[in-house]
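Participant: Okay, predicted coordinates and the sequence, questions at the end:
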Amino acid sequence: MVKVNRIIFIFFLLFFQFCFGQDSLKISANEFISVVKNYHPLAIKYQIQNKIASSEITKARGNFDPTLAAKIGEKNIDGTRYYEQKNIELGIPTWYGIDIHGGYNHLNGDKINTSETKGGLYQFGVTIPLAKNLLYDKRRAMLEQAKYAQKMTEAEQKVLTNELLLDAENSYWEWVQNYEVYKLKTEIVEINKERLSFTKKTFEYGEKAAIDTIEALSQLQGFELQQRDAFLNFVKSTQQLQLYLWKDNQEIYELTEMIYPADNLEENIAFTDYEFLINDVQSQEMDTHFSILYYNQKQYILESEKRLKWQSFLPKIDFTYNFYNKENYSADYLPFFDNNFQYGIKLEIPIFLREARANYEIAKLKLNQNNLDTKMKSRELDTKIETYKNEILNYHSQIDLSQNNLKNYERLLSAEEIKYANGESSLFLINSRENKVIDAQEKFISIRTKFVKSFNKLKWMKENFLVPN
């Protein structure tokens, strides 16, 4: 089905290749970029990725959610009621690693364990880590890392989105270039049709030789071939542009009518704003670039992981204390270790600490890796900025040279036409001069397109810097 649509699309373009009506669909660069930004699947995907990162924070906060638990049970064999139990508990984890828990337990029966308390019993207690997990634990690490990961994702998706928009905008201006080349070829074809008609008339009047008509016809046919080739390039670039055109709900935007650029190379703001852009980008702090911010957030995540791994060197000493109060009895909690209490201390000490040492060393090495990656990325960005700047300045100087070169070829062609009208030249020389003019015109269009594309590279590079509030 897609292949059929493409064939119809190409046929439609071929059918209307010479029809530049007022009702033709036109799209500007800003409109095109807006469509890509709002509807392209990759742009939507990057936005979804940011939402996923935000949900990861909520997920990490879930580790601090209170937990409510309840249990009911009974055991009866041959008419003997071993036990009947009802229990409800509430556990509250806190930021500082201390777990608070409380509950109510009601127990009755004929075969109850002697260590259990018959009847209703209220309980309130705490579990406190005295070494490992006191200053830092996995719950706190997961939440902190999720927050850093969100900023890290936002920075990454900002860069990826801007890369998408850069590719889209440069595709637009390549499309404009192919359209302007096609228009140029079309104008040349019309000029040569008039020249052929004029040459035929002068031949009929006996003023020119028959060979001149063949010369004019050959030149015309050559330009008609170039025109068709230029139109094919325009069609291809239109199809390439269509890859960026999507509708709401990420449906493909199928072109059903001719589409032409509303902008042209000559009026691009790059020719007036390039110096301001260069100065603006060079004044930016490299640490505010989203690619560097990405690595900075990753550094925070790795530092958090290193801090967590260090906890494994500490012995795990958990102290638990529970207050008890029987149902329908007055509370008697003080002194703590005198009555109605239960406490315990749990101790775990890995003897060789091999896993802890290895994990801590890995965490340090990952930090070193990230530092190297950050320096490499910073160097890469500096190089890109300098490269784009040099491209802009170089292409701008080439534009002046190319324009002057074009004017000189146009003067030579004009002079040759005057000489031809005076009988001092030939159609062959005019065609030769005309070919030089056309080559210079195409070169001029090509250089301006390269300049605009380099300007766009630096422009979207600027968009990757964090704007201060």
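Facilitator: Received the coordinates, thanks.
Participant: For stretch 79-88, list every residue counted as buried.
Facilitator: 83, 84, 85, 87 (16 or more other C-beta atoms under 10 Å). Placement of C-beta: from N, CA and C, glycine included.
Participant: next one: stretch 137-153
Facilitator: Buried-residue list, stretch 137-153, by 16+ other C-beta under 10 Å: 137, 139-153.
Participant: Buried residues, stretch 259-267. List them.
Facilitator: 259, 261, 263, 265.
Participant: Confidence-wise, which of the buried residues of stretch 79-88 comes last?
Facilitator: Among the buried residues of stretch 79-88, residue 83 carries the weakest pLDDT, at 82.
Participant: you'd agree it is up against residue 111?
Facilitator: Yes: under the criterion of C-beta atoms under 8 Å, residue 83 makes contact with residue 111 at 6.5 Å.
Participant: sorry, back to before: what would the buried residues of stretch 259-267 look like in CSV with secondary structure and pLDDT?
Facilitator: Formatted as CSV, the buried residues of stretch 259-267 follow (DSSP: H, G, I helix; E, B strand; the rest coil; pLDDT from 0 to 100):
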residue, secondary structure, pLDDT
259, strand, 88
261, strand, 93
263, coil, 91
265, helix, 91
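Participant: about what we covered before: which neighbours do residue 83 and residue 111 have in common?
Facilitator: Contact with both residue 83 and residue 111 is made by residues residue 75, according to C-beta atoms under 8 Å, 6 or more residues apart in numbering.
Participant: pLDDT weak spots in this structure?
Facilitator: Within the chain, the stretches with pLDDT under 70 are 1-24, 206-208, 330-338, 469.
Participant: Residue 398: how many residues sit nearby?
Facilitator: Residue 398 has 18 neighbours, counted by other C-beta atoms under 10 Å.
Participant: swap that for residue 162, please
Facilitator: Neighbours of residue 162 (other C-beta under 10 Å): 18.
Participant: Remind me which helix or strand it belongs to.
Facilitator: Secondary structure from DSSP states H and E places residue 162 in helix 138-204.
Participant: list the buried ones in stretch 411-422?
Facilitator: Buried, per 16+ other C-beta under 10 Å, within stretch 411-422: 412, 413, 416, 417, 420.
Participant: contact partners of that stretch?
Facilitator: By C-beta under 8 Å, 6+ apart, the surrounding residues in contact with stretch 411-422 are 425, 426, 427, 429, 430, 433, 434, 436, 437.
Participant: where does residue 130 fall, phi/psi-wise?
Facilitator: phi -100, psi -10 (degrees, to the nearest 10).
Participant: got the contact list for the residue at minimal distance from the centre of the chain?
Facilitator: The centroid of the chain falls nearest to residue 160 when counting by C-alpha atoms, centre = their mean (2.0 Å). Residues near residue 160 by C-beta under 8 Å, 6+ apart: 42, 46.
Participant: Quick check: phi and psi on the nearest residue to residue 253 once chain neighbours are set aside?
Facilitator: Closest residue to residue 253 apart from its sequence neighbours, by C-beta to C-beta, 6 or more residues apart in numbering: residue 245 at 3.9 Å. Note on residue 245: backbone dihedrals following degrees, to the nearest 10 are phi -90, psi 110.
Participant: what's near enough to touch residue 245?
Facilitator: 32, 35, 36, 252, 253, 255.
Participant: Just the angle for the strand or helix carrying residue 359 relative to helix 138-204, thanks.
Facilitator: Using DSSP H and E, residue 359 falls within helix 354-421. Relative orientation of helix 354-421 and helix 138-204, computed by axes from the mean of the first three to the mean of the last three C-alpha atoms, to 10 degrees: 10 degrees.
Participant: Which helix or strand lies directly C-terminal to helix 354-421?
Facilitator: helix 427-462.
Participant: so how far is that following helix from its chain's centroid?
Facilitator: Distance, stretch centre to chain centre, for helix 427-462: 31 Å (C-alpha atoms, centre = their mean, to the nearest Å).
Participant: got it, and stretch 132-152?
Facilitator: Distance of stretch 132-152 from the chain centroid (C-alpha atoms, centre = their mean) equals 26 Å.
Participant: go on, stretch 180-195?
Facilitator: On C-alpha atoms, centre = their mean, the centre of stretch 180-195 falls 42 Å from that of its chain.
Participant: neighbouring contacts of that stretch?
Facilitator: Everything outside stretch 180-195 that qualifies as a contact, by C-beta under 8 Å, 6+ apart, is 18, 216, 219-220, 223-224, 226-227, 230-231, 233-234, 264-265, 434, 438, 441-442, 445.
Participant: Please pick the buried ones from those residues.
Facilitator: Using 16+ other C-beta under 10 Å, the buried ones in these are 216, 219-220, 223-224, 226-227, 230-231, 233-234, 265, 434, 438, 441-442, 445.
Participant: next SSE after the longest strand anywhere in the chain?
Facilitator: As assigned by DSSP state E, the longest strand anywhere in the chain is strand 80-93. Downstream of strand 80-93, the first helix or strand assigned by DSSP H and E is strand 99-108.
Participant: So which residues make contact with that next one?
Facilitator: Residues contacting strand 99-108 (C-beta under 8 Å, 6+ apart): 81, 83-94, 116-127, 327.
Participant: go on, stretch 425-442?
Facilitator: Contacts of stretch 425-442 (C-beta under 8 Å, 6+ apart): 181, 184, 188, 199, 212, 215-216, 219, 402, 405-406, 409-410, 412-413, 416-417, 419-420.
Participant: One more: stretch 399-407?
Facilitator: By C-beta under 8 Å, 6+ apart, the list of residues contacting stretch 399-407 reads 437, 440, 441, 443, 444, 447, 448, 451.
Participant: Skipping adjacent residues, who's closest to the fifth one in space?
Facilitator: The shortest distance from residue 444 to any non-neighbouring residue, by C-beta to C-beta, 6+ apart, is to residue 402 (4.6 Å).
Participant: And that neighbour, how far from residue 442?
Facilitator: Distance, residue 402 to residue 442, by C-beta to C-beta, to the nearest Å: 10 Å.
Participant: could you dump the buried residues of stretch 79-88 to a markdown table with distance to residue 394?
Facilitator: Listed next are these as a markdown table, based on distance: C-beta to C-beta, whole Å:
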| residue | distance to residue 394 |
| --- | --- |
| 83 | 89 |
| 84 | 90 |
| 85 | 85 |
| 87 | 80 |
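Participant: ok, these vs residue 58, which is closest?
Facilitator: The nearest member of these to residue 58, counting by C-beta to C-beta, is residue 87 at 30.2 Å.
Participant: Just list the residues touching that closest one, thanks.
Facilitator: Applying C-beta under 8 Å, 6+ apart, the residues contacting residue 87 are 70, 71, 72, 103, 104, 105, 106.
Participant: Quick check: it vs residue 66, distance?
Facilitator: 17 Å.
Participant: Having no further points to raise, I will conclude here.
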